[in-house]
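Trainee: My questions are about this predicted structure, shown below with the sequence.
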Amino acid sequence: MNEPQRTRQIVAGLLFLCFLLYFLDLGRIPFYNYEESKEALIVWEMVNGGGWILPLRNGVEQPLKPPLFHWIGAAVSLLTGQVSELAVRLPSALFATATVLATFFFGRALWNWRVGLLAALILATCPEWARWSINARSDMVLLFFLTTAQFFFFWAFQERATQRRTLFLFYASMGFAVLAKGPLGLLLPVLIVGTFLWWTGELEFLRRLRLGQGLLIAGGIAVSWYVLALFQGGGEFFQRQILDENVFRFFASEKGGPSREHTLLYYLPTLFVGMLPWSLFLPALGFTLYRSGDIWREKKQLYLFIWVGVEFLFFTLASGKRSNYILPLYPALALLLGWWWQELIEGSRVLSAPALKRVVRGCALALGGAGALILIVLITHGVGFDLDHLVSPFLHPRDRANLPIVAQSLQGQFPLVCIWIALLAGAAGWYIWGLRRDRWVPVFAALTISISASLYFANALFHPLLAQERTYKPFMLGVRSMVQDAPLYFYHPASDYGAIFYADRRIPEMGQRALQQPSDVEQSYPGVRQGDASQTDAALYLLVRETDWPELSESQPHLERLVTSEGKGPDKKHRLVLAALLPRPEQNGETGTTVLPAPSESEERALPEASDEPVDENSAS
């Protein structure tokens, strides 16, 4: 088989794998957490006339990130004719897939097609990578451009910067990375490149990089939007997007949010779990690099090692920490692991050392034991035995709360679970056969099949039930049908991004005092229509948390409870109640519809800031 044919087949296979893991059910799951709904609202504002430079969420709240992700989502929405879950999530899946393909091509350029393929498969099947690939967030757009920036720099370094096109792509990638998530898109490549050139004694190479032209290219892409946004948003934009989201988030500050504060070693277990099962071979990789000395002689390995080390150290020193922050180092680690597996498959002299063989076999056996345990849990839960009391002590409280959903899904869809078990059992047999004969291609293939099957079936089985328990989508679709054009408000603090998105309209807030002080709604909330009294007997509608309803109904006897949501919201604590404020006689003795009250300026509130720590919708998987 010639090289072009092999490349086409590999790309087709990787696209098929990414389709199964990222795209297949992308639009089936409704929004049910703060983060996705928050990003979806910005896309909705763009499509519905809120502007493309600095659209205000629900008409009052500035976004926290640059708009590249939202522009792409809005463009997809315009092409498909609606702002949907598929349209908003599609950029993440597309750019995650593009990064997997870029990793293959970079690995092929550095070593050979096999290293590129192994690295791409490792990256595509990392649980944390797969999790964020189906999440409506800007992370995957950022990661694609950060990754391509690192790739294009090293190509320029190997070419000694003789190709202007490579340099242009390097600087353009950094510009788009800034436009995806802020100055981090420029800072990380600069730190990695600077450290690599200093370590290798190649600082003179900076003169070949045409830094002035590069600044114009990257700045022309990113800075133009920042200037327009600063002109439109003023001091609030500078405070939120520049200071709060970048400076204060790195240094110890309450702006980073309490949910972001973790110990200094937080990323060690986070990286290990996020890259399972491949992370089990990281000790063997480190031992191989140490014994071979290639990391210091070969600039390919050194560059990837510095890439991983700089980013890991940078995010470790930052005050705010989250699992997705270290996703930028996943492609580099996948390439190092791909190179290591290639050496293992070919029987490298270094890997034939008895000590290293024991390390590799120990990692493989530990992985096999974990797989056997998973099989036992799946089978016993599927046939009706309850193992919650044995598993729950080892889980985070948030994951422990999802155990009933996991058990319900395993028992309710046992035929599908049987297919999953059959795939895992077949992969386990192949794994054991290869391990006993030192045949590492079957071992790698078995791992890829088992983790791919687990990611797919876990998402198909558990994700819909998690969403069903939390989403407000069915409730809000019913609210839209019932309320139509009549005024609709949140009763503070019931505001929810997902409810606003599915209402397909802006929903202002009001408090208790506003209900008792009539005022002019049109003046306080331009664009909020009073509706036609002939269409509804209610003067206005309120969305209230069920926990707040008893107190509110006592103080407002003219409120009538109409319907309650099944979903409990992102935190699984609050059902929403739709209530109608019914017509009542005026104080002057005349009858008619109630004069619509509006909040005073002191009561007018923007939507509450959602913590950037998302509800872990995939924790059960």
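Mentor: Arrived safely, thanks for sending.
Trainee: Now do the buried residues in stretch 141-154.
Mentor: For stretch 141-154, burial by neighbour count (16 or more other C-beta atoms under 10 Å) applies to 141-154. To be clear about C-beta, it is placed using only N, CA and C from the backbone, and glycine gets the same treatment.
Trainee: Stretch 15-28 too?
Mentor: 17-18, 20-23, 26.
Trainee: Identify the residues contacting Ile326.
Mentor: 267, 270-271, 274, 311-312, 315 (C-beta atoms under 8 Å, 6 or more residues apart in numbering).
Trainee: Can you get me a residue count around Val43?
Mentor: Residues lying near Val43 (other C-beta atoms under 10 Å) number 28.
Trainee: The contacts of Ile326 in helices, which ones?
Mentor: Counting by DSSP state H, the contacts of Ile326 place 267, 270-271, 274, 311-312, 315 in helices.
Trainee: Redo the contacts of Ile326 as CSV? Include pLDDT.
Mentor: Formatted as CSV, the contacts of Ile326 follow (pLDDT from 0 to 100):
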residue, pLDDT
Tyr267, 90
Thr270, 91
Leu271, 93
Gly274, 92
Glu311, 93
Phe312, 94
Phe315, 90
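Trainee: Mind putting the residues you listed into a markdown table with neighbour count and distance to Leu466?
Mentor: What follows is the contacts of Ile326, written out as a markdown table (neighbours: other C-beta atoms under 10 Å; distance: C-beta to C-beta, whole Å):
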| residue | neighbour count | distance to Leu466 |
| --- | --- | --- |
| Tyr267 | 22 | 26 |
| Thr270 | 19 | 21 |
| Leu271 | 21 | 24 |
| Gly274 | 22 | 19 |
| Glu311 | 23 | 31 |
| Phe312 | 18 | 30 |
| Phe315 | 22 | 28 |
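Trainee: Can you name the element that comes right after the least confident helix or strand in the chain by mean pLDDT?
Mentor: The weakest-scoring helix or strand in the chain, judged by mean pLDDT, DSSP states H and E, is helix 521-524 (a mean of 40). Using DSSP states H and E, the helix or strand that follows helix 521-524 in sequence is strand 540-545.
Trainee: just to revisit the earlier point, mind putting the buried residues of stretch 141-154 into a markdown table with secondary structure?
Mentor: Shown next, in a markdown table, are the buried residues of stretch 141-154 (DSSP: H, G, I helix; E, B strand; the rest coil):
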| residue | secondary structure |
| --- | --- |
| Val141 | helix |
| Leu142 | helix |
| Leu143 | helix |
| Phe144 | helix |
| Phe145 | helix |
| Leu146 | helix |
| Thr147 | helix |
| Thr148 | helix |
| Ala149 | helix |
| Gln150 | helix |
| Phe151 | helix |
| Phe152 | helix |
| Phe153 | helix |
| Phe154 | helix |
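Trainee: Could you find the two of these that are most distant from each other?
Mentor: The largest separation in the buried residues of stretch 141-154, counting by C-beta to C-beta, is between Val141 and Phe154 at 21.5 Å.
Trainee: Ignoring the adjacent residues along the chain, who's closest to Ser133?
Mentor: Ala96 (3.6 Å; C-beta to C-beta, 6 or more residues apart in numbering).
Trainee: Just list the residues touching the one you found, thanks.
Mentor: With C-beta under 8 Å, 6+ apart, Ala96 has these contacts: 18, 22, 129, 132-133, 140, 143-144.
Trainee: tell me the average confidence for the helix or strand harbouring it?
Mentor: Assigned by DSSP H and E, Ala96 belongs to helix 85-110. Average pLDDT, helix 85-110: 96.
Trainee: And it, how far out from the chain middle?
Mentor: Relative to its chain's centre, helix 85-110 lies at 14 Å (C-alpha atoms, centre = their mean, to the nearest Å).
Trainee: next structured bit after that helix?
Mentor: By DSSP H and E, the next helix or strand past helix 85-110 is helix 113-124.
Trainee: Spit out the contact partners of Val441.
Mentor: Applying C-beta under 8 Å, 6+ apart to Val441 gives the contacts 345, 434.
Trainee: and it, how far is that from Trp430?
Mentor: To Trp430, Val441 is 10 Å away according to C-beta to C-beta, to the nearest Å.
Trainee: Could you do Trp549 as well?
Mentor: 57 Å.
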